[in-house]
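Enquirer: just to be clear, the model below is a prediction. Sequence and coordinates:
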Amino acid sequence: MHIELLDVLAEPNSGSRLALEPDYVAVDGEVASGVLRSSGGARFEIRDGVPRMVPEADSSVTVDEGATQRSFGAKWEQYEEADKDQLAEFQYRWFDERFGFADEAGLTTFLADKRRILDAGTGPGLCAARCARLSGARVAGMDLSDSVSAAQRRYADQPNLDYVQGDILNPPFAPRTFDFVVADQVLHHTPDCVRAFATMAELVSPGGQIAAYVYRKKPIIRELVDDHVIDLTSRLTFDECLELSEQLTELGRELSRTGAKVTLERGVPLLGIDPGEHDVQRLIYWTMLKCFWNEELGWHQSVMVNYDWYSPVFRSRHTEEEVLGWCHDAGLAVEHLNVIESGISVRASRPR
């Protein structure tokens, strides 16, 4: 942890500033271990260079007894370094496309005047590390799981980057702290997506922006199947859920490799199936059953995408109207909106 991180950290419940107790251990100029203390006496450990800021009460961990934390922790433990590199390349392109930056040069231009950036739900730390690399801002990557420990080790050489273990619903930062808040593919995995968006929006400084992506509601058969299957997977062990994810990945892969297509003159509008030509795998995937397969990502990454859907306790789905309403309620102006079958990406700004 860099000492500069103290400028943005706050006690999650009271919002009071934190002080570093003097008996901390520093390595290469960074705090490797120690204790942060609030004026009210709350104490938070710094371990492996990462402040552990998940509060004992009023957090996502207490709502589901740590199931979400364990689910994502287990997920990220499956990733080797080469897998993370491959994931990063794919995710970076998709991020730029969805949030209206076009490419890395466009994102770099956008970040040029940003002083503080938060990547909430950072997972393996990819987006946070990229923002730190492309800008001179101080960047914080926050995640509920211990994935931040691996991220801290992987990106330890970036002097403007820190990782924090914290909760989106009760974040360890003061309001209006960040010029850019990223909450990409994470809010729908919290116990209360509406509250999660509002909480992240509250961290955006005047003139700053938030970029958020949430799952979109699917056609009725897919929604009904998802709810039923997820009820079953919620009772599975990690290994059992991983096995199911592999089975569904194989199904998606083999359907895709048939190259089969059907043409529907009338479609089935009531079930969300449009007229026209449909790739059979995509038709099943979008309207009936999540069986993800992507040839570019390959086997392991595709399995993890399916696991990401079937394992977490929470996976809410939303509409465009809902997302626009969240922005309005938070006093944000929509700068860019991208709606695709899988989800809704919005970038919105707080007036100065």
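Expert: Ah, there it is.
Enquirer: sec struct for the residue nearest to R47 when sequence neighbours are not counted, please.
Expert: Spatially, and ignoring its direct neighbours in sequence, R47 is nearest to S33 (6.0 Å; CB to CB, 6 or more residues apart in numbering). Just so you know, the C-beta spots here come from the backbone N, C-alpha and C atoms, and that holds for glycine as well. Under the three-state scheme (DSSP: H, G, I helix; E, B strand; the rest coil), S33 adopts strand.
Enquirer: and S33, what are its bridge partners?
Expert: When assigned by DSSP bridges, S33 has beta-bridge partners V25.
Enquirer: do L264 as well
Expert: Residues in beta-bridge contact with L264 (DSSP bridges): G276.
Enquirer: does the residue nearest to R47 touch V50 like I think?
Expert: No. Counting by CB atoms under 8 Å, S33 stays clear of V50, with 9.8 Å between them.
Enquirer: what about the two, which has more around it?
Expert: Shown here are S33 and V50; by other CB atoms under 10 Å, V50 has more neighbours (25 against 16).
Enquirer: and that one, what does it touch?
Expert: Taking CB atoms under 8 Å, 6 or more residues apart in numbering, we find V50 in contact with 1, 148-149, 152, 163-165.
Enquirer: which residues does L236 contact?
Expert: For L236, the contacting residues are L244, by CB under 8 Å, 6+ apart.
Enquirer: sorry, back to before: just the closest of the contacts of V50 to E265, please.
Expert: If you rank these by distance to E265 using CB to CB, V148 comes first, at 52.3 Å.
Enquirer: and the closest one, what's its pLDDT?
Expert: At V148, the model reports a pLDDT of 96.
Enquirer: next one: the one 3 residues further on
Expert: You'll see A151 listed with a pLDDT of 95.
Enquirer: doesn't it belong to a strand?
Expert: No. A151 is assigned helix when assessed by three-state DSSP, not a strand.
Enquirer: what's the separation between the residue nearest to it when sequence neighbours are not counted and R153?
Expert: Distances taken as CB to CB, 6+ apart put G125 closest to A151, at 2.8 Å, once the chain neighbours are dropped. In this view, G125 and R153 are 10 Å apart by CB to CB, to the nearest Å.
Enquirer: who has more neighbours, the two?
Expert: G125 (29 against 13).
Enquirer: check the gap between the more buried one and L255 for me.
Expert: Relative to L255, G125 is positioned 34 Å away (criterion: CB to CB).
Enquirer: how many residues are close by D184?
Expert: 22.
Enquirer: skipping its backbone neighbours, what lies nearest it in space?
Expert: In space, D184 is closest to Y213, 4.9 Å off (CB to CB, 6+ apart).
Enquirer: how about the one you found, phi and psi?
Expert: For Y213, the backbone dihedrals (degrees, to the nearest 10) come out as phi -130, psi 130.
Enquirer: re earlier: model confidence score at the residue nearest to R47, please.
Expert: 97.
Enquirer: next: K84.
Expert: pLDDT for K84: 69.
Enquirer: and the one 3 residues further on, by the same measure?
Expert: The confidence metric pLDDT takes the value 76 at L87.
Enquirer: G40 - how many residues pack around it?
Expert: 9.
Enquirer: no, scratch that, I was asking about V323
Expert: 25.
Enquirer: what ranges does this protein have for its strands?
Expert: Here the chain has its strands, by DSSP state E, at 18-20, 25-27, 30-38, 43-47, 50-51, 116-120, 138-143, 161-165, 178-184, 204-215, 261-264, 276-279, 333-339, 343-349.
Enquirer: export those to JSON lines and append columns for distance to W293.
Expert: JSON lines is the format used below for those (distance: least, CB to CB, whole Å):
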{"stretch": "strand 18-20", "distance to W293": "46"}
{"stretch": "strand 25-27", "distance to W293": "44"}
{"stretch": "strand 30-38", "distance to W293": "42"}
{"stretch": "strand 43-47", "distance to W293": "38"}
{"stretch": "strand 50-51", "distance to W293": "35"}
{"stretch": "strand 116-120", "distance to W293": "28"}
{"stretch": "strand 138-143", "distance to W293": "27"}
{"stretch": "strand 161-165", "distance to W293": "32"}
{"stretch": "strand 178-184", "distance to W293": "22"}
{"stretch": "strand 204-215", "distance to W293": "18"}
{"stretch": "strand 261-264", "distance to W293": "16"}
{"stretch": "strand 276-279", "distance to W293": "11"}
{"stretch": "strand 333-339", "distance to W293": "23"}
{"stretch": "strand 343-349", "distance to W293": "18"}
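Enquirer: and R222, which of these is closest to it?
Expert: strand 204-215 (11.3 Å).
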